[in-house]
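**Student:** What follows is a predicted protein model with its sequence.
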Amino acid sequence: MRHLIDPTDLTRKETDEIVALALDIIANGEAYSEKMKGKRLATLFYEPSTRTRLSFTSAMMALGGKVLGFSDAASSSVSKGETVEDTVRVVGCFADIIAMRHHIEGAQLAASAVSPVPIINAGDGSHSHPTQTLTDLLTITRELGHVDNITIGFCGDLKYGRTVHSLIKALVRYQGVKIVLISPEELRLPDYIKTDICDKYGIEYTEAESIEAVMGELDILYMTRVQKERFTDEAEYERVKNCFVLDAERMALAKERMAVLHPLPRVNEITREVDSDPRAAYFRQVENGKFVRMALILSLMGWKNEEMKERHEKLEIDGLTCPNHKCITNNEPMERYFYRADNGVHRCYYCDTKAE
Ligand code: CP
């Protein structure tokens with residue numbers, strides 16, 4: 001059985017096939033309208049969502065399937081202390097596939113180890129959001145015609161921005177991609193993405209002080225929200241929340257053919273005046289999320305007899321712990337596992353944090 005927990009669970013070929021299938025669904029939607037007839041998707045959302053949950057729901061309905069689940073864990077037996085592992089064992093009795101969002105990092109990976117049905121990670125804390133990545137890749141393909149040889153600027157909260165982490169993991173497998181990182185000092189990209197992902201794949205990345213300094217070079221500007229809910233220090237949030245704002249003045253510096261993406265929701269980082277610019281692609285991106293999730297559900301259900309490949313060799317090491325208080329290993333009773341990255345550093349198997 002195959003799950004989607006991290007973008008690298010899909011090969012580059014599989015990723016491209018899902019994007020191609022989404023394009024065919026856009027062109028020939030009626031042909032797919034009964035493909036999931038008799039099947040059920042469970043959406044288990046332990047954290048708020050508008051786009052991801054509703055696009056999964058809409059996707060399954062457009063395929064002729066049915067949807068069950070919860071959008072507030074407080075209304076489920078999670079509030080009585082039921083673990084993620086037990087929850088998916090139970091829900092797997094009622095559904096053929098599960099999409100799960102959780103504020104705890106690594107929750108879906110832990111769930112996938114015991115689930116009787118495929119698990120899709122719909123976002124785990126600040127860690128990963130692979131179905132947003134598929135949405136982003138489809139959007140880039142539709143806006144520019146290609147993903148290879150693009151210069152992409154990531155702006156805003158690159159530290160806690162799970163959509164940024166996941167998209168970079170996917171982009172390193174394309175040819176000639178250049179990455180520009182635009183963020184305040186406090187919200188820089190985590191080191192493991194730079195060392196274990198960008199450096200490993202020889203991807204060029206630079207850091208910029210402002211949007212205007214690099215706007216003219218970009219094919220894609222990927223804006224992100226500074227996520228108040230991820231900060232433990234309110235003063236730090238207040239200090240950085242207005243750091244980078246995209247407005248019409250900055251759009252005037254951009255190429256004629258480029259696209260602005262944002263996983264949404266936005267707060268104030270893109271002014272309303274930008275919405276009417278034809279290069280503002282973020283609402284088209286939302287719609288792409290439905291089509292690519294249709295393609296993903298079809299693919300995972302079709303791969304049910306395939307084996308899931310381990311991304312890393314799972315190591316049990318006495319004395320090592322994960323220092324991330326949002327990691328599943330520090331929130332639920334379970335074994336701790338680690339892996340050895342190519343640079344020799346031991347990382348938590350579930351959330352990639354450097355072990356201590
Ligand atoms: N892009 C995204 O994950 O949006 P939601 O939080 O509304 O699902």
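**Tutor:** Yes, it's here.

**Student:** check contacts around the closest residue to the ligand within the stretch 101-250 of the chain.
**Tutor:** Proximity of the stretch 101-250 of the chain to the ligand (C-beta to the nearest ligand atom) peaks at Gln132, 5.2 Å away. All C-beta spots, glycine's among them, are computed from the backbone N, C-alpha and C. Counting by C-beta atoms under 8 Å, 6 or more residues apart in numbering, Gln132 touches Thr52, Gly123, Arg162, Thr163, Ser166, Leu167, Pro263, Gly289.

**Student:** What of Leu171?
**Tutor:** Residues near Leu171 by C-beta under 8 Å, 6+ apart: Val147, Ile152, Val177, Ile179, Ile203.

**Student:** filter these by proximity to the ligand?
**Tutor:** Residues shared between the contacts of Leu171 and the neighbourhood of the ligand: none [C-beta under 6 Å from any ligand atom].

**Student:** Weed out the non-buried ones from the residues you listed.
**Tutor:** Neighbour counting with 16 or more other C-beta atoms under 10 Å marks Val147, Ile152, Val177, Ile179, Ile203 as buried within those.

**Student:** And what about the second one, helix, strand or coil?
**Tutor:** Taking DSSP: H, G, I helix; E, B strand; the rest coil as the rule, one finds Ile152 in the strand state.

**Student:** Is it in contact with Asp219, as I believe?
**Tutor:** Yes - taking contacts as C-beta atoms under 8 Å, Ile152 lies within contact range of Asp219: 6.7 Å.

**Student:** ok so, going back, point me to the helix or strand that includes the residue of the stretch 101-250 of the chain closest to the ligand.
**Tutor:** Gln132 is part of helix 130-144 when elements are defined by DSSP states H and E.

**Student:** mind listing what's buried in that helix?
**Tutor:** Using 16+ other C-beta under 10 Å as the test for burial, helix 130-144 gives 130-144.

**Student:** Give me the domain ranges for the protein.
**Tutor:** With domains defined by automatic domain parsing, the chain comprises 7-129+287-303, 131-286, 312-356.

**Student:** which residues are in contact with stretch 61-74?
**Tutor:** 29, 32-46, 48-49, 53, 56-57, 60, 76, 79, 91, 94-95, 290, 294, 297-298.

**Student:** hmm, which of these are the buried ones?
**Tutor:** Neighbour-count burial (16+ other C-beta under 10 Å) applied to the contacts of stretch 61-74 gives 32, 35-36, 39-46, 49, 53, 56-57, 60, 76, 91, 95, 290, 294, 297-298.

**Student:** mind listing which of those residues are in helices?
**Tutor:** Using DSSP state H, the members of those that fall within helices are Arg53, Phe56, Thr57, Met60, Val91, Lys290, Met294, Ile297, Leu298.

**Student:** wait, doesn't the second one sit right on Met294?
**Tutor:** No - in terms of C-beta under 8 Å, Phe56 does not count as a neighbour of Met294; the distance is 9.5 Å.

**Student:** ok, the spatially most central residue of the chain - contacts?
**Tutor:** Centroid-nearest residue in the chain: His129, 1.7 Å away (criterion: C-alpha atoms, centre = their mean). With contact taken as C-beta under 8 Å, 6+ apart, His129 is in contact with Thr52, Asn121, Ala122, Gly123, Arg162, Thr163, His165, Ser166, Pro263.

**Student:** Next: Glu212.
**Tutor:** Arg250, Leu253.

**Student:** Any chance you could list what contacts the helix-or-strand element of the chain with minimal mean pLDDT?
**Tutor:** In the chain, no helix or strand scores lower on mean pLDDT, DSSP states H and E than helix 234-240, which sits at a mean of 81. With C-beta under 8 Å, 6+ apart as the test, helix 234-240 has contacts from Pro184, Glu186, Leu187, Val226, Lys228, Phe231.
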